[in-house]
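Undergrad: mind folding the following:
(2 chains)
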Amino acid sequence: MLTTQNNSNTYSKLLSISKNTFREAVRDRVLYNLIVFVLLITACAIFIGELTAGKEARTIVNFGLSAMLFFGVFIAIFVGVGLVSKEIEKRTLYTIFSKPIGRGEFIVGKYLGLCLTLFVNVFVMGLGVTLALLFVGGGNLAFTVWGAIILIFLELTIITAVAILFSSFSSPALSALLTFFVFIIGHFSSSLRDFAENLGSQFAKLFFGAIYYLLPNFSHFEFVTNAANGSVPTFPLIGGSLAYAIVYIAILLSITIIIFNRRNLK
Amino acid sequence: MVEIENLTKDYEKGFWKKKKIRALDGLNLQVEGGQIFGFLGGNGAGKSTTIKLLMSIIFPTEGTAKILGEDISNTKMHSKIGYCPENPYFYDYLKASELMNYFGELFGLDSTERKRKTEELLTKVGLDEKDWNKQLRKFSKGMLQRVGLAQSLINDPEIVFYDEPMSGLDPTGRREIRELIAELRDKGKTVFMSSHILSDIEALCDNVAILRKGKLVATGNLQDLLNKSGEIQEFEINVKGVTAKSLENEISKISGATITAKPNGANIHVTNENDIETVLQINKKTGGNLVSIQPVKQSLEELFVQETKE
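TA: Model (predicted):
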């Protein structure tokens, strides 16, 4: 039997931890409520569409994708900051770390589990938007909208990594607040750079310049308005955004693991 | 099996973390295999801190420790150990069987083995089959303790670490878990356990270590420790047909002797073997009858109190 135990590799451990994280989220009723809520919002969008004659499909895309991002961010932040801190607080980590699990494996497994949850969430919401679009006769948009949905999902995976990073060294409330700030600033990143360039003070230029380069630039993932107009993100845009997300997430998770590896779990 | 060398842990306190509290102070300990090792100490003595250090839940300020010849920082070694923390708390959204399955996965057991082990161990710790598929949030403290012990054995470990394993169990449960722990030793496993319940330690353990304020104050074979500390022997003489009051005057003249009233008689304690004869003469003179004379062995409780007092 020991032979079987030794065969346990990192991949299967990551799979087990992420499966369990997903199961936790699924058994959390809030997640179901959110899905139902977004479906209701989509239904409302149809109603609003009737008021704005001829622009039903555009309204649905704008409304549906914005709601998808909003609820996705909500889950990424509030579930993300609790991924590690809840386990420390409830001492469930005591038994986990007595198993042959490295702290890095645990962090990555938890992260992937939440990404899987977000994927399912975004996918179900995307189906809701597609169905709503088909319902109002926006046939073409029902398919082109998925490009923007992919970008929303990629943005959420970065926000989740930010939330885990903050929660590895600060309280859940502070982590949630800081992650929310990063989300907001990340969307105004370009404005921040322009603002820095127009400032007289050298220090202010350096400060805002540093924030611009350090914080994630979410403008790469903004495609809701374009999608509403029927545009499809190009492959270079999706590929570039994917590469950006992978590199950024890898850096954030590496920092999280370095911090968590040194942390005493009281 | 377990080698601990100068293990020290300071906890940092205060906003700036400048204040340090020493929870464990230079612990040196060797635990051989195939035995039940008792780890004793009052509240805050450093027992749980030691076990958490061994499990790499917290990190030492100084010193090193090895389990099965491997440094404690090597988590691969965890495939051969089991652990049940004090008042175990698990994912409460999981069912008992799901938790066992999850932990089995973390050890890389295949699904058939996980299912077999889950059934075998949940039965062994006395968890009713109807509770196997209940969410852990509905479990009592005692039931969680049983699940905690079951999960610690899913990988068939060579050594298990139990922090207060009898906590939360009723007398029947305690007895069952005592039997389980004894069975582990009979199978050649090593059990490293801390407990406040000294009668359990006395009944189970081969060797013990006693901590006080983070420092090791005694260690060794339990019987040897009890005998060694019991050098000042005490004898108990039970008599009947007399009252304690009628003997009190004469007995008080014997140095170190005490008398306690009992129904239809009295108990007299003397610390010197030569005084037994004197007590017997006093008793005879007063008209009492001898019931028994027995040496009083020091209990683990007395040893514990003696070693852990200021």
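
Undergrad: tell me how far the residue in the stretch 51-200 of chain B that chain A sits nearest to lies from A:Leu114.
TA: The shortest separation between the stretch 51-200 of chain B and chain A is 2.3 Å, found at B:Gly108 (distances taken as CB to the nearest CB). Using the backbone N, CA and C atoms, a C-beta is placed for each residue, glycine as well. According to CB to CB, to the nearest Å, B:Gly108 stands 24 Å off from A:Leu114.

Undergrad: so between these two, which is more surrounded?
TA: Set side by side, B:Gly108 and A:Leu114 show unequal neighbour counts under other CB atoms under 10 Å in any protein chain shown, the larger going to A:Leu114 at 26 against 22.

Undergrad: now that one. Nearest residue, chain neighbours left out?
TA: Counting by CB to CB, 6 or more residues apart in numbering or on different chains, A:Thr160 is the residue found nearest to A:Leu114 once chain neighbours are left out, at 5.3 Å.

Undergrad: measure the one you found to chain B for me?
TA: Using CB to the nearest CB, to the nearest Å, one gets 20 Å for the distance from A:Thr160 to chain B.

Undergrad: could I get the full set of strands for the chain?
TA: Using chain A. All residues of chain A lie outside strands when identified by DSSP state E.

Undergrad: chain B was what I was after
TA: Under the criterion DSSP E, chain B contains strands at B:2-13, B:19-31, B:36-41, B:62-67, B:70-71, B:81-84, B:159-163, B:190-194, B:207-212, B:215-221, B:234-240, B:258-262, B:265-270, B:289-296.

Undergrad: next, B:Gly288: phi, psi?
TA: When quoted as degrees, to the nearest 10, the phi and psi of B:Gly288 stand at phi -90, psi 160.

Undergrad: for the closest residue in space to it that isn't next to it in sequence, grab the count of nearby residues.
TA: Residue nearest to B:Gly288 in three dimensions, not counting chain neighbours: B:Val242, with 3.4 Å by CB to CB, 6+ apart. Other residues within reach of B:Val242, judged by other CB under 10 Å, total 19.

Undergrad: hang on, B:Val242 packs against B:Lys285?
TA: No. Taking CB atoms under 8 Å as the definition, B:Val242 is not a contact partner of B:Lys285, at 10.0 Å.

Undergrad: what's the first-to-last distance across stretch B:79-87?
TA: Taking CA to CA, to the nearest Å, the span from the opening residue of stretch B:79-87 to its closing residue is 23 Å.

Undergrad: need the pLDDT of whichever residue of the stretch 201-310 of chain B sits closest to chain A.
TA: When you check the stretch 201-310 of chain B against chain A by CB to the nearest CB, the closest residue turns out to be B:Gly214, at 15.8 Å. Per-residue pLDDT puts B:Gly214 at 88.

Undergrad: need phi/psi at it.
TA: The main-chain torsion angles of B:Gly214 are listed as degrees, to the nearest 10 and equal phi 80, psi 0.

Undergrad: show me what contacts it?
TA: The neighbourhood of B:Gly214, defined by CB atoms under 8 Å, 6 or more residues apart in numbering or on different chains, consists of B:9, B:22-25, B:27, B:45-46, B:49.

Undergrad: how about the residue of the stretch 151-266 of chain A found nearest chain B: what's its closest non-neighbour residue?
TA: When distances are taken as CB to the nearest CB, the stretch 151-266 of chain A approaches chain B most closely through A:Asn264, which lies 4.2 Å from it. Distance criterion CB to CB, 6+ apart; nearest residue to A:Asn264, sequence neighbours excluded, is B:Ile58 at 4.2 Å.

Undergrad: so where's chain B uncertain?
TA: Residues of chain B that meet the criterion pLDDT under 70 lie in B:15-17, B:227-233, B:297-299, B:307-310.

Undergrad: count the residues that sit near B:Lys115.
TA: Going by other CB under 10 Å, the residues that sit close to B:Lys115 add up to 15.

Undergrad: which residues does the closest residue to it other than its chain neighbours contact?
TA: In space, and not counting its chain neighbours, B:Lys115 is closest to B:Asn101: 7.6 Å by CB to CB, 6+ apart. Taking CB under 8 Å, 6+ apart, we find B:Asn101 in contact with B:114-115, B:118.

Undergrad: filter these down to just the ones in helices.
TA: B:114-115, B:118 (DSSP state H).

Undergrad: quick one on the thing from earlier: distance check, the residue nearest to A:Asn264 against B:Lys76.
TA: Summarising the geometry, the distance separating B:Ile58 from B:Lys76, computed by CB to CB, is 19 Å.

Undergrad: got it, and A:Ile259?
TA: According to CB to CB, A:Ile259 and B:Lys76 sit 23 Å apart.

Undergrad: touching, A:Phe78 and A:Leu177? I think so.
TA: No. A:Phe78 is beyond contact range of A:Leu177, at 11.4 Å (criterion: CB under 8 Å).

Undergrad: can you pull the contacts of residue 58?
TA: All of this is about chain A. By CB under 8 Å, 6+ apart, the residues touching A:Arg58 are A:141, A:228-229.

Undergrad: switch to chain B, that's the one I care about
TA: A:264-266, B:9, B:49, B:52.

Undergrad: again, 7 Å this time
TA: A:264-265, B:9, B:52 (CB atoms under 7 Å, 6 or more residues apart in numbering or on different chains).

Undergrad: B:Gly220 bridge partners, please.
TA: Counting by DSSP bridges, B:Gly220 is bridged to B:Val208.

Undergrad: tell me which of the contacts of B:Gly214 is nearest to chain A?
TA: Using CB to the nearest CB, these come closest to chain A at B:Lys9, 8.8 Å.

Undergrad: not counting sequence-adjacent ones, nearest residue to the closest one?
TA: Looking at B:Lys9 with CB to CB, 6+ apart, the closest residue is B:Leu24, at 4.3 Å.

Undergrad: just A:Gly138 next, same as before
TA: Nearest residue to A:Gly138, sequence neighbours excluded (CB to CB, 6+ apart): A:Ala57, at 2.8 Å.

Undergrad: tell me how far that neighbour lies from chain B.
TA: In this structure, A:Ala57 and chain B are 40 Å apart, going by CB to the nearest CB.

Undergrad: so for that residue, what's the pLDDT?
TA: At A:Ala57, the model reports a pLDDT of 81.

Undergrad: what sits against it?
TA: With contacts defined as CB under 7 Å, 6+ apart, the neighbours of A:Ala57 are A:133, A:136, A:138, A:141.

Undergrad: leaving out chain neighbours, which residue sits closest to A:Leu134?
TA: Of all residues not flanking A:Leu134 in the chain, A:Ala142 sits nearest, at 5.1 Å (CB to CB, 6+ apart).

Undergrad: the one you found - how many residues pack around it?
TA: A count of neighbours around A:Ala142, defined by other CB under 10 Å, yields 20.

Undergrad: save the strands of chain B as a markdown table, and put in distance to A:Leu69 and mean neighbour count too.
TA: As requested, the strands of chain B are exported to a markdown table (distance: least, CB to CB, whole Å; neighbours: other CB atoms under 10 Å in any protein chain shown):
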| stretch | distance to A:Leu69 | mean neighbour count |
| --- | --- | --- |
| strand B:2-13 | 41 | 17 |
| strand B:19-31 | 45 | 17 |
| strand B:36-41 | 53 | 25 |
| strand B:62-67 | 48 | 17 |
| strand B:70-71 | 47 | 14 |
| strand B:81-84 | 42 | 25 |
| strand B:159-163 | 46 | 24 |
| strand B:190-194 | 51 | 24 |
| strand B:207-212 | 55 | 23 |
| strand B:215-221 | 57 | 16 |
| strand B:234-240 | 79 | 18 |
| strand B:258-262 | 80 | 14 |
| strand B:265-270 | 81 | 21 |
| strand B:289-296 | 77 | 13 |
